[in-house]
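Asks: Sharing a model prediction with you, sequence too.
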There are 2 protein chains.
Amino acid sequence: MGEGSEKAPAKTRRGRGAEAGDERIRERNTRAILRASAELFAEKGYEGVSMLQIAKATGLPRANVYYYFDTKEDIYRALISELIHGWELALRHISPENSPEQALTAYVHAKLDYARLHPIQSRLFASEILGGAKFLTRRDRDYMHALTRERVLVLEQWMAEGHIRKVDARHLLMLLWGATQFLSLSEPLACDTLETGTLRPADFDAAARTISGIVLSGVLL
Amino acid sequence: MGEGSEKAPAKTRRGRGAEAGDERIRERNTRAILRASAELFAEKGYEGVSMLQIAKATGLPRANVYYYFDTKEDIYRALISELIHGWELALRHISPENSPEQALTAYVHAKLDYARLHPIQSRLFASEILGGAKFLTRRDRDYMHALTRERVLVLEQWMAEGHIRKVDARHLLMLLWGATQFLSLSEPLACDTLETGTLRPADFDAAARTISGIVLSGVLL
DNA sequence: AAATAAGTTGACACCTGTGTCAGCTTATAT
DNA sequence: ATATAAGCTGACACAGGTGTCAACTTATTT
């Protein structure tokens, strides 16, 4: 609905060696807004967050946020379009250049590392999908679909070559997605289950080992 | 915050044999409101839904909804407290009376059946957890925790007896939760991946077979 | 130092949402 | 038929949300 109207600041270089930090106010504030709003959106969903909340969390007056983003939707969309990166990064490990063992282990660990290091992005992505993926563009979805299809072909190749058991490659991928997302998305349940107050790196590590262990001995021949 | 103020209708019996349907208006409308609002909450989250939307979806004027529920929170809480049922139902299959094969297969199928037959409840539950489980009471969480602990003990028993491989039982449970939830929670992604417009029973069946197949041959000795 | 562009802000107009209430209609009991 | 309770509803007061704007301040250029 909103056109991506970018206000181009006149980028100018200082004569002297640029002091770190206080240059490019626009860049800094834009990032701060995105950072703060991601957490809010992940927790409360798109409608659950007001511009006032975003402004307060950023430490800016509300009207100032509007100087950088025309609408709340613009902020949300800017966040969403960044999210596919993590998805892609982990999936790349499932490649014909790796052995199935390497590939699946690396994938599971990469996915859980991402979940541990970027819990907010993980939750925001899940929240967007759960809400019907209404802000993902067709382009984004097509791109994800293409990525998925490539991995399906890799897995099916391994099956044809007798490296792994013949299962539905698509459902295997979804099993991995679901299993590797659970920890960060369902943090309250996971904490209750693990009888811990907060998820520690060791918990992610244990999850990675359990998941890759079970899936590997489940599919390897 | 809101006290559970129940307006007790004077339940009276008709003289003649009660005609089906048009008795107990209160019960019928209360159910209609819960039914309609569950779908909305699941999709948009608590804050994303207005009483007007609920009223429209129910087919009642807004003020009439307030006749049955004092606040929006009351509606949401009424829904949340029903959700643990599905959780519990599937978990019961993991019992010392079953063999590990039976138990795990039955669990996976039960969980996916529930997801297929009650997609709205599944999503609502996920949405509540993702949002931080803010409306689950301590009692609810303790109960779920107790249920989980029992299953962990069953699994560890099987490990001690040499029926299944030694893995972290808690993470095995979470693997199952995550894998069996993915299909209905991430419906848009699942549809893209499976190249289908809507999830059909066959898709749930394929998921159940893939998940139980991989996990079984992953943990059985 | 003067001019210009970038950044900041309080206030405004407007809309949507919540919860309440008095008074209405319909059903049930006597 | 009349009384009483259950159910329904339009209108209201209030709180909070969105997006805009003119005027102000600060930075950068010339």
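Replies: That came through, no problem. Everything quoted here is computed from the prediction, not taken from an experiment.
Asks: Any regions of chain A where pLDDT drops low?
Replies: A:1-23 (pLDDT under 70).
Asks: how close does the residue of it at minimum distance from DNA strand C sit to residue A:48?
Replies: The minimum distance from chain A to DNA strand C, using CB to the nearest atom of the strand, falls at residue A:63 (3.0 Å). Bear in mind the C-beta positions are built from the backbone N, C-alpha and C, glycine included. Noted for residue A:63: a distance of 22 Å to residue A:48, by CB to CB, to the nearest Å.
Asks: before we move on, the earlier item: what's the burial count for the residue of chain A closest to DNA strand C?
Replies: 9 (other CB atoms under 10 Å in any protein chain shown).
Asks: Now name the helix or strand holding it.
Replies: In this assignment (DSSP states H and E), residue A:63 forms part of helix A:62-68.
Asks: following that helix, which helix or strand comes up?
Replies: Taking DSSP H and E, what comes next after helix A:62-68 is helix A:72-80.
Asks: show me the biggest helix of chain A in terms of residues.
Replies: helix A:138-160 (DSSP state H).
Asks: tell me the angle that one makes with helix A:72-80.
Replies: Counting by axes from the mean of the first three to the mean of the last three CA atoms, to 10 degrees, helix A:138-160 lies at 20 degrees to helix A:72-80.
Asks: Going by contacts, tell me the helices and strands next to helix A:138-160.
Replies: Judged by 3 or more CB pairs under 8 Å, 6 or more residues apart in numbering or on different chains; DSSP states H and E, the packing partners of helix A:138-160 are helix A:84-91, helix A:169-185, helix B:187-194.
Asks: Might one say that residue A:167 is in contact with residue B:216?
Replies: No - counting by CB atoms under 8 Å, residue A:167 sits too far from residue B:216 to count as a contact (11.7 Å).
Asks: Compare those two and say which is more crowded by neighbours.
Replies: Taking neighbours as other CB under 10 Å, residue A:167 and residue B:216 compare with residue A:167 leading, 20 against 17.
Asks: Tell me how far residue A:41 lies from residue A:34.
Replies: Residue A:41 is 10 Å from residue A:34, by CB to CB.
Asks: So between these two, which is more surrounded?
Replies: Higher neighbour count among residue A:41 and residue A:34: residue A:41, with 24 against 18, using other CB under 10 Å.
Asks: Next up, the contacts around the more buried one.
Replies: Shown in contact with residue A:41 (CB atoms under 8 Å, 6 or more residues apart in numbering or on different chains): A:49, A:76, A:79, A:124, A:127.
Asks: who wins for neighbours among the residues you listed?
Replies: residue A:124 (26 neighbours).
Asks: Check which helix or strand residue A:199 maps to.
Replies: Short version, using DSSP H and E: residue A:199 is in no helix or strand.
Asks: Tell me how many other residues crowd it.
Replies: With other CB under 10 Å as criterion, residue A:199 counts 18.
Asks: got it, and residue A:212?
Replies: Residues near residue A:212, counting by other CB under 10 Å: 21.
Asks: And residue A:100, by the same measure?
Replies: Quick note: residue A:100 (other CB under 10 Å) scores 19 neighbours.
Asks: what do you get for the one 4 residues further on?
Replies: Counted with other CB under 10 Å, the neighbours of residue A:104 add up to 24.
Asks: The helix or strand where it lies vs helix A:138-160, what angle?
Replies: Using DSSP H and E, residue A:104 sits in helix A:100-117. Orientation check (the same axes, to 10 degrees): helix A:100-117 against helix A:138-160 gives 150 degrees.
Asks: After helix A:100-117, which helix or strand is next?
Replies: Counting by DSSP H and E, what follows helix A:100-117 is helix A:119-130.
Asks: counting contacts, what elements does that next one pack onto?
Replies: Under the contact definition 3+ CB pairs under 8 Å, 6+ apart, helix A:119-130 sits against helix A:25-44, helix A:72-80, helix A:84-91, helix A:100-117, helix A:169-185, helix B:119-130, helix B:169-185.
Asks: Please enumerate residues in contact with the fourth one?
Replies: Read it as helix A:100-117. Contacts for helix A:100-117 (CB under 8 Å, 6+ apart): A:86, A:89-91, A:93-95, A:98, A:121-122, A:154, A:158, A:163-164, A:176-177, A:179-181, A:183-184, A:199, A:201, A:204-205, A:207-208, A:211-212, A:215-216, A:219-220.
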